[in-house]
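In: sequence plus predicted model, see below.
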Amino acid sequence: MTAESDVTSDTFQFKLLATDGKARRGAISMPRGTIRTPAFMPVGTGGTVKAMYMDQVEDLGADIILGNTYHLMLRPGAERVAKLGGLHEFGRWQKPILTDSGGFQVMSLSALRKINEQGVTFQSHIDGSRHEMSPERSIEIQGLLDSDIQMQLDECVRLPAGETEIERAMEMSLRWADRCKVAFGDQPGKAMFGIVQGGDVPKLRERSAEGLSSLDLKGYAVGGLAVGEPQEVMLDMLDVICPLLPAEKPRYLMGVGTPDDMLKSVGRGIDMFDCVMPTRAGRHGLAFTRHGKINIKNARHAEDHRPLDEESSCPAARAYSRAYLHHLVRSNEILGMMLITWNNLSYYQDLMSGIRAAIAAQRFDDFSAETQERWAKGDI
Ligand SMILES: CCOC(=O)Nc1nc2cc3nc(NC)[nH]c3cc2c(=O)[nH]1
């Protein structure tokens with residue numbers, strides 16, 4: 001029996017399968033596989049999901065991973081990845097890959113970043129070399145990587161910021177979306193998503209969402225959030241933005257988030273997520289479980305023979321004692337990073353799977369309340 005995620009389509013097609021309030025259950029079918037939504041996309045920055053084998057990532061139920069244009073263009077280089085057969089061949093991940101345009105990383109990683117109508121000029125954080133990235137070059141790079149879902153080049157403004165600055169960046173991102181759409185052209189089996197900007201200013205968010213919707217793109221990302229604003233500001237912006245995006249297209253909230261962020265964002269109409277939280281936190285010994293977070297480095301775990309979560313199907317969560325994981329992380333053992341990362345990605349995928357089933361069964365609100373109660377009760 002073919003799993004739903006093994007079904008392919010030679011064109012990018014999003015089907016809305018069920019709704020429960022504003023929560024949506026859908027499926028994006030593409031030549032390399034189908035993405036069950038709501039979906040969490042593990043971050044595979046440099047062509048690898050840190051501390052994981054790709055077949056582990058697939059076994060956990062991930063239908064798609066994120067690749068990072070900014071990192072890959074600097075090292076090993078987009079042309080080199082193309083010469084080596086593209087990112088799927090290079091990193092041995094055969095399902096869909098979404099690549100970001102790198103805009104956000106340029107903002108947060110590289111020095112000497114200059115932005116004008118033409119694009120972004122920046123210095124590599126690796127060797128200081130100077131690079132220019134126009135909307136057209138960003139799409140060209142993502143094409144060289146053989147990315148399935150490509151993101152427009154955008155300008156993300158860190159919050160808090162002045163309205164004039166937010167408006168300037170939003171309007172430029174809108175113009176860049178049009179240039180990216182032209183550069184992307186007609187690639188039926190792939191997609192280019194626009195990115196809604198506008199900071200925490202409702203009228204600018206409306207302008208961006210309406211402007212992008214008129215471009216009739218295959219999907220829409222919500223950018224400029226999870227950049228330092230409180231969670232309720234992020235959620236308020238989703239209440240403004242989602243109703244203005246076409247219901248028949250997927251919505252992707254960038255860089256989000258914690259399990260709590262994702263539950264509340266699904267309840268406001270978001271379909272796709274990516275976040276470094278499960279992998280980065282995993283490398284620092286922070287375990288996500290159905291009972292909430294466990295900081296395994298804490299002394300109280302030193303002699304706890306219980307596993308992280310015996311309800312989990314993941315070996316990292318059920319076959320090792322907390323005492324052993326505590327020892328590994330305290331000793332900076334590589335296996336510690338591997339096991340907590342494995343546990344965290346497993347929990348994130350289990351949460352998304354639970355969310356999808358709850359929407360299909362029209363019980364998302366109950367599922368959301370039950371899940372948050374278990375987190376609050378904590379680790380009994
Ligand atoms: C994934 C698509 O990235 C882009 O091409 N631009 C972009 N990326 C973002 C990544 C973000 N991560 C967070 N929080 C951790 N917020 C983000 C916003 C953007 C964004 O506005 N624009």
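Out: Ah, there it is. Numbering: from 1, shown residues only.

In: list the contacts of R283.
Out: Shown here is R283, whose contacts under the criterion Cβ atoms under 8 Å, 6 or more residues apart in numbering are K50, A51, M337, I340, T341. Glycine gets a C-beta too; all of them are placed from N, C-alpha and C.

In: equivalent analysis for M254, please.
Out: Neighbours of M254 in contact, by Cβ under 8 Å, 6+ apart: D100, F104, I195, A221, V222, G223, L225, A226, D274.

In: from the ligand, how far out is it?
Out: Using Cβ to the nearest ligand atom, to the nearest Å, one gets 4 Å for the distance from M254 to the ligand.

In: same question, I195
Out: Separation of I195 from the ligand (Cβ to the nearest ligand atom): 5 Å.

In: over to G85?
Out: Counting by Cβ to the nearest ligand atom, the separation of G85 from the ligand is 23 Å.

In: and what of E206?
Out: According to Cβ to the nearest ligand atom, E206 stands 17 Å off from the ligand.

In: so that residue sits against P243, correct?
Out: No. In this structure, E206 is not within contact of P243 by Cβ atoms under 8 Å, at 9.7 Å.

In: nearest to the ligand among the contacts of R283?
Out: K50 (15.7 Å; Cβ to the nearest ligand atom).

In: where does the protein have low pLDDT?
Out: In the prediction, the chain carries residues with pLDDT under 70 at positions 1, 101-103, 105-112, 380.

In: and it, which residues reach the ligand?
Out: Residues of the chain found near the ligand, taking Cβ under 6 Å from any ligand atom as the criterion, are 100-101, 103-104, 151, 154, 156, 195, 223-227, 254-255.

In: list only buried entries from those residues.
Out: 100-101, 103-104, 151, 154, 156, 195, 223-227, 254-255 (16 or more other Cβ atoms under 10 Å).

In: restricted to strands, list these.
Out: Of these, the ones assigned to strands by DSSP state E are D100, M151, I195.

In: quickly list what the second one is bridged to.
Out: Meaning M151. For M151, the beta-bridge assignment (DSSP bridges) gives partners F193.

In: and it, how far from F12?
Out: Counting by Cβ to Cβ, to the nearest Å, the gap from M151 to F12 is 14 Å.

In: also V256?
Out: When distances are taken as Cβ to Cβ, V256 and F12 turn out to be 23 Å apart.

In: E206 and P243: which has the busier surroundings?
Out: In terms of neighbours (other Cβ atoms under 10 Å), E206 is the more surrounded of E206 and P243; the figures are 16 against 13.

In: what helix or strand is the more buried one on?
Out: Secondary structure assigned from DSSP states H and E places E206 in helix 202-213.

In: what do you get for S346?
Out: Counting by DSSP H and E, the secondary-structure element that holds S346 is helix 334-360.

In: so which bits of that helix are buried?
Out: Neighbour-count burial for helix 334-360, with 16+ other Cβ under 10 Å as criterion, is recorded at 336-352, 354-356, 358-359.

In: continuing past it, what's the next helix or strand?
Out: helix 364-377.

In: in stretch 368-379, what's buried?
Out: By neighbour count, with 16+ other Cβ under 10 Å as the criterion, the buried positions of stretch 368-379 are S368, T371, W375, D379.

In: can you check stretch 197-212 too?
Out: Of the residues in stretch 197-212, 197-201, 204-209, 211-212 count as buried by neighbour count, 16+ other Cβ under 10 Å.

In: between those, which is closest to E58?
Out: The shortest distance between E58 and any of the buried residues of stretch 197-212, using Cβ to Cβ, involves L212 and amounts to 31.8 Å.

In: could you check how far the spatially closest residue to that closest one that is not a sequence neighbour is from R179?
Out: In this structure, L212 finds its nearest non-sequential neighbour in G194, 4.0 Å apart by Cβ to Cβ, 6 or more residues apart in numbering. From G194 over to R179 the distance is 11 Å, taken as Cβ to Cβ.

In: more crowded one of the two?
Out: Neighbours were counted for G194 and for R179 using other Cβ under 10 Å; G194 has more, 30 against 18.

In: list the contacts of that one.
Out: Taking Cβ under 8 Å, 6+ apart as the criterion, G194 is in contact with Q152, A177, C180, K181, L212, L215, L217, G219, Y220, A221.

In: next, K114: phi, psi?
Out: Backbone torsions of K114, given as degrees, to the nearest 10, read phi -120, psi 140.

In: one more: G26?
Out: Backbone dihedrals for G26, given as degrees, to the nearest 10, come out at phi -140, psi -170.

In: OK, contacts around it?
Out: By Cβ under 8 Å, 6+ apart, the contact set of G26 is F14, K15, L16, L17, R36, T37, P250, D271.

In: apart from its chain neighbours, what residue comes closest to E58?
Out: That would be K95: by Cβ to Cβ, 6+ apart, it lies 6.9 Å from E58.

In: distance of the one you found relative to V201?
Out: When distances are taken as Cβ to Cβ, K95 and V201 turn out to be 37 Å apart.

In: now F273
Out: For F273 relative to V201 (Cβ to Cβ), the value is 23 Å.

In: now swap in A221 and tell me
Out: Distance from A221 to V201, by Cβ to Cβ: 18 Å.

In: next one: R306
Out: Noted for R306: a distance of 48 Å to V201, by Cβ to Cβ.

In: what's the answer for E117, then?
Out: 22 Å.

In: what pairs with the one residue sitting closest to the centre of the chain across the strands?
Out: Centre of the chain computed as the mean C-alpha position; nearest residue by Cα atoms, centre = their mean is D274, 1.3 Å away. The bridge-partner assignment for D274, based on DSSP bridges, gives M41.

In: since that was my last question, I'll sign off now.
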